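1. coords please:
(chains A, B and C)
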Amino acid sequence: MLVLAGAGTGKTRVLTTRIAHILSLGRARAGEILAVTFTNKAAREMKTRIGSMVGEVVEGMPWLGTFHSIGAKILRRHAELVGLKPAFTILDTDDQIRLLKQLIAAENIDEKRWPARLLANQIDHWKNRGLTPDQVSAGEGAAFANGRGRDLYAAYQERLKTLNAADFGDLLLETIRLFREHPEVLRQYQTRFRYILVDEYQDTNVAQYLWLRLLAQRSSHGTAPAVAPGTDRPSPPGGEGRTVPAERSRTTSGLEQKNICCVGDDDQSIYGWRGAEVDNILRFDHDFPGATVIRLERNYRSTAHILGAASHLIAHNEGRLGKTLRSEGAEGDKVVVSSAWDSEEEARAVGEEIEQLQRRGQRLDEVAILVRASFQMREFEDRFVTLGLPYRVIGGPRFYERAEIRDAMAYLRLVAQPADDLAFERIVNVPKRGLGDATLQALHDLARARGVPLSEAARLMAATDALKPKPRAALRDVVAAFDRWRAQRDTLPHTELAEIVLDESGYTEMWQKDRSADAAGRLENLKELVRSMEEFENLQGFLEHVALVMDTDRGEETEAVSIMTLHAAKGLEFDTVFLPGWEEGLLPHQRSLDENGRAGLEEERRLAHVGLTRARKLARISFVSNRRIHGSWTSSLPSRFLDELPEEHVHVEEAKGGFGGGLSGYGHAYGGRFDTTAAFGSGYGTPGWRRGQRRRGGFDEDQSEYTQEWEPEGRMRDAAGGADRRAGDGRDRTSWGSSGRADAGAGGPRGGTPLAPLAAPSSPGGAARRGPLTIEGELVARSTGDPSAFAVGDRIFHQKFGYGRIRVVDGNKLTIQFDKAGEKKVVDSFVKKA
DNA sequence: ATCCTGTTAATTTTT
DNA sequence: TTAACAGGAT
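-> Modelled structure (predicted):
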């Protein structure tokens, strides 16, 4: 069965209820159901939801998990059959790249011309498509480093085996190999899993598809590997040449499938760039003949206007199964489209809007800002920091990806597995022990000559006098330390062991001595790491967890606005959603367009669709005329997706300042399908972006003038505060509003108007005054009771900007010269004394 | 071996 | 703009 579940139609509910149903009817026991998701988060959520439905009976659901965790589980049981030992290490991207770097260097290839990163992507790509080195076509294998791509892939796989390691792709690929080469093992799992359920099927890649299909076949007669290697080889690259339909159905149609239920939404397939094959879902009924397809089209989440806009937008895609979402809720507000001069103004407008919503009782948890690319986040963060508006960035650098955590993990890994060369290399000289490249090179040579791991080579070398006294002593200490820790492994609880390791290695000390901005945070993270170990029985279990589950869900307690990428937002929902940056080149991202043409455009459109459908009540789209990309200013055009929004569900907000014209005329940019000129009103002034474009030459100067001129005044008014404030605010707002409208009415001939006078009052003035009002409100209350805990000249620490010295104290607002981040204005609650 | 400085190349991201 | 990284200086 394929359940095509549109956004907000209750996809997860279908899966959990189905499982609960199967369990409660006794059709299968918990251990006989295979349920796979993509993320740990989704798996966790399903577990709890099933648990609450069925009660204690569930007791685990041992086979509910991510593709990778289940793959790892199976692989560990039969590791020897694929040339691994059960305790194999799971490498992450970082390890992978370091390994590849070595291989590339060993081949005498210029790593600058052929970066390891590129090769890693290429190998991932192959693995996503289920290709082992010998299955990579010669043409494609030549893609990297003048035809050595395939050889490097093969060498990499070989190296993994000697390191007793597997990368993420291997967790699937090696399992597939295991199943094919050992039918009896496959049969064992086919028999065990009576029901198979798959979440987010539109995100599966070829390898995952093959993996599922093997498991989904009925094991009845002890047939040879149901799928002969090679016959089902995915089509060669090049997009159009997809697997021939006949070939796929030939391999499957004759076989009996058992109960497999996939849930997904082709309109939310946004991971094509990492190997997801929308075709898997588009061709489901070919692959699994006789399958029932059910469409869920009733949306319980968004208002009619939001849904109408989203549906109309996504209807422009051609490669889709087609669903018509119906709203169950009220009509609600139209989707708002607005424009801004640049991203700074955009952030300011969003901040302002959020403060207004907050005043009307909107919980900040229910507000999200969804951006296309993470560099957009910065502007919002900066703005929110000055506003004192609590925010939270979702999906930033993950806990286990931080350098200090990875270092600590390397120590622990090396204690657990002396053969872990990658871990050894990572930490021999961290903290600095005077063991540099030369020493490491000598160790490598010895290790290769004797065929032993690096840690063993270190032991040998420390015993000889091949090294100078200093490095020799250092090396001997390291070897002795690891011997000591390994001896303690069985007697001490693993958390205690971790503390000892971090302590005796000098690692904690290294950060304690470090006076840089984030040292304190890093130490905190290390503590958190040890704390999180408590949940695990032993070191081994903990290491497995970290390798697979790269996130910690430390529940954030405070109510805050969420900032995240559109990708990270999939599966979430909020009352209010801000969608900034709908510009050509950013929302249909240029790179996506360049690299994948129309398919890329459609994926970008799905991304826009995902963004819109995250909103329950209010969706606000915005775009800017000027954006700073890689340091230089670039003018931008409104996104073509704006043209594709239906007039009846959208409200175009006139810009508050003199740049209202930004909207007009964008319908022409692409000769839009329907007449947006009419839809969004013609006769606005010259589009701001056009003016910007014309003036681009001198723009940088204008820009700096503009900030210099207005920044001080904003500050002055803030300081003035008091009685004047409210009046000033009201006056300004009306006057800007009317001036904007007047301009709009006047129509075209605004080209001659000087830039700066228009730019300045339109945003920095208005926002700077209105924005901090609420804060100042707090300030009055707070600063009377608790007169400035900070004084000019104090050394302080800020979570984001690091250490700094206070320059100016203005109530609860501090102007701080940060060591690294430069001068910033920050609300005092965000800093503490250093 | 480590520190400093100029060059370079910049989506999306889970496991 | 900026952060990472490689190569040269110390």
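2. Quick check: residue A:165 touching residue A:92?
-> No - contact status for residue A:165 versus residue A:92: not in contact, 10.6 Å apart, counting by Cβ atoms under 8 Å. Heads up, the C-betas are built off the backbone N, CA and C, glycines and all.
3. So these two - more neighbours on which side?
-> For the pair residue A:165 and residue A:92, the greater number of neighbours falls to residue A:165 (22 against 18), based on other Cβ atoms under 10 Å.
4. Torsion angles phi and psi at the residue lying farthest from the centre of chain A?
-> Residue distances from the centre of chain A (Cα atoms, centre = their mean) peak at residue A:465, which lies 49.4 Å from the mean C-alpha position. Reported as degrees, to the nearest 10, the phi and psi values for residue A:465 are phi -110, psi 40.
5. Check what pLDDT it gets.
-> If you check residue A:465, the pLDDT there is 85.
6. Which residues are in contact with it?
-> Counting by Cβ atoms under 8 Å, 6 or more residues apart in numbering, residue A:465 touches residue A:472.
7. what does the one 10 residues further on give?
-> Applying Cβ under 8 Å, 6+ apart, we find residue A:475 in contact with A:435, A:439, A:458, A:461, A:462, A:467.
8. on that earlier part again, any idea how far residue A:459 is from the residue farthest from the centre of chain A?
-> 14 Å (Cβ to Cβ, to the nearest Å).
9. Could you do residue A:301 as well?
-> 61 Å.
10. pLDDT value on residue A:598, please?
-> 88.
11. for residue A:704, that is, sorry about that
-> 30.
12. Repeat that for the one 5 residues further on.
-> Turning to residue A:709, the model gives it a pLDDT of 28.
13. Same question for residue A:339.
-> Model confidence at residue A:339 (pLDDT) stands at 93.
14. A strand includes it, no?
-> Yes - according to DSSP: H, G, I helix; E, B strand; the rest coil, the state of residue A:339 is that of a strand.
15. Quickly list what it is bridged to.
-> residue A:623 (DSSP bridges).
16. What separation is there between it and residue A:310?
-> Counting by Cβ to Cβ, the gap from residue A:339 to residue A:310 is 20 Å.
17. need the residues of chain A near DNA strand C, please.
-> Contact residues (Cβ under 7 Å from any atom of the strand) of chain A with DNA strand C: A:111, A:112, A:628, A:630, A:631, A:632.
18. quick one, phi/psi of the fifth one?
-> Backbone torsions of residue A:631, given as degrees, to the nearest 10, read phi 90, psi -20.
19. What's the local residue count around it?
-> Residue A:631 has 5 nearby residues by other Cβ under 10 Å.
20. From residue A:291, how far off is it?
-> For residue A:631, the distance to residue A:291 - Cβ to Cβ - is 52 Å.
21. give me the residue from the stretch 551-700 of chain A nearest DNA strand C.
-> residue A:631 (2.3 Å; Cβ to the nearest atom of the strand).
22. Run a quick neighbour tally on residue A:531.
-> For residue A:531, using other Cβ under 10 Å, the count is 12.
23. Packing partners of the helix or strand containing it?
-> Using DSSP states H and E, residue A:531 sits within helix A:519-533. If you count contacts as 3 or more Cβ pairs under 8 Å, 6 or more residues apart in numbering; DSSP states H and E, helix A:519-533 packs onto helix A:403-416, helix A:494-504, helix A:507-513.
24. contact partners of it?
-> A:399, A:402-405, A:408-409, A:494-495, A:498-499, A:502, A:508, A:511-512, A:514, A:542, A:552, A:554, A:797, A:799.
25. can you check stretch A:94-107 too?
-> Taking Cβ under 8 Å, 6+ apart as the rule, stretch A:94-107 contacts A:91, A:111, A:114, A:116-117, A:119-120, A:123, A:145, A:148, A:151-152, A:155-156, A:159-160, A:163, A:165, A:167, A:401, A:406, A:422, A:425-426.
26. Next one: residue A:126 relative to DNA strand C, how far apart?
-> Using Cβ to the nearest atom of the strand, to the nearest Å, we find residue A:126 at a distance of 23 Å from DNA strand C.
27. Tally up the residues packed near the closest residue in space to that residue that isn't next to it in sequence, please.
-> Of all residues not flanking residue A:126 in the chain, residue A:136 sits nearest, at 5.7 Å (Cβ to Cβ, 6 or more residues apart in numbering). Other residues near residue A:136 come to 21 when the count uses other Cβ under 10 Å.
28. need the contact list for residue A:136.
-> Residue A:136 neighbours (Cβ under 8 Å, 6+ apart): A:126, A:149, A:150, A:153.
29. Relative to DNA strand B, how far out is the second one?
-> To DNA strand B, residue A:149 is 18 Å away according to Cβ to the nearest atom of the strand.
30. Count the residues that sit near that residue.
-> 22.
31. and what of the third one?
-> Burial of residue A:150, expressed as a neighbour count using other Cβ under 10 Å, amounts to 22.
32. part of a strand, is it?
-> No - counting by three-state DSSP, one finds residue A:150 to be helix, located in no strand.
33. Ignoring the adjacent residues along the chain, who's closest to it?
-> Nearest to residue A:150 is residue A:141, by Cβ to Cβ, 6+ apart, at 2.8 Å.
34. So what's the residue count around the one you found?
-> Residue A:141: 22 neighbours (other Cβ under 10 Å).
35. who are the neighbours in contact with it?
-> So residue A:141 contacts A:147, A:149, A:150, A:151, A:153 (Cβ under 8 Å, 6+ apart).
36. about what we covered before: among the residues of chain A next to DNA strand C, name the buried ones.
-> residue A:111 (16 or more other Cβ atoms under 10 Å).
37. Pick out the residue of the stretch 401-550 of chain A closest to DNA strand C.
-> Closest residue of the stretch 401-550 of chain A to DNA strand C, Cβ to the nearest atom of the strand: residue A:403 (9.0 Å).
38. do you know how far that residue is from residue A:519?
-> Counting by Cβ to Cβ - residue A:403 and residue A:519 are separated by 12 Å.
39. Look at these two and report which has more neighbours.
-> residue A:519 (18 against 14).
40. So what touches stretch A:292-304?
-> A:1-11, A:14, A:284-285, A:307, A:310, A:323-333, A:573, A:613, A:615-617, A:649.
41. What average pLDDT does that stretch get?
-> 93.
42. ends of it, how far apart?
-> 29 Å (Cα to Cα, to the nearest Å).
43. Then stretch A:179-196?
-> So stretch A:179-196: terminal residues 17 Å apart, Cα to Cα.
44. Buried residues in it, which are they?
-> So stretch A:179-196, judged by 16+ other Cβ under 10 Å, has buried residues A:179-180, A:183, A:185-190, A:193-196.
45. where does the stretch 701-834 of chain A have low pLDDT?
-> Low-confidence segments of the stretch 701-834 of chain A, defined by pLDDT under 70: A:701-789, A:797-803, A:810-813, A:817-834.
46. The residue of the stretch 351-500 of chain A found nearest DNA strand C and residue A:266, how far apart?
-> Distances between the stretch 351-500 of chain A and DNA strand C by Cβ to the nearest atom of the strand are smallest at residue A:378, namely 8.3 Å. As judged by Cβ to Cβ, residue A:378 and residue A:266 stand 33 Å apart.
47. When these two are compared, which one has more neighbours?
-> residue A:266 (23 against 14).
48. per-residue pLDDT, residue A:659?
-> Reported pLDDT for residue A:659: 43.
49. Please name the nearest non-neighbouring residue to residue A:494.
-> residue A:539 is the one closest to residue A:494 (Cβ to Cβ, 6+ apart), at 4.4 Å.
50. coming back round to it: next, the buried residues of the helix holding residue A:531.
-> Quick answer for helix A:519-533 (16+ other Cβ under 10 Å): A:519, A:520, A:521, A:522, A:525, A:526, A:529, A:530, A:532, A:533.
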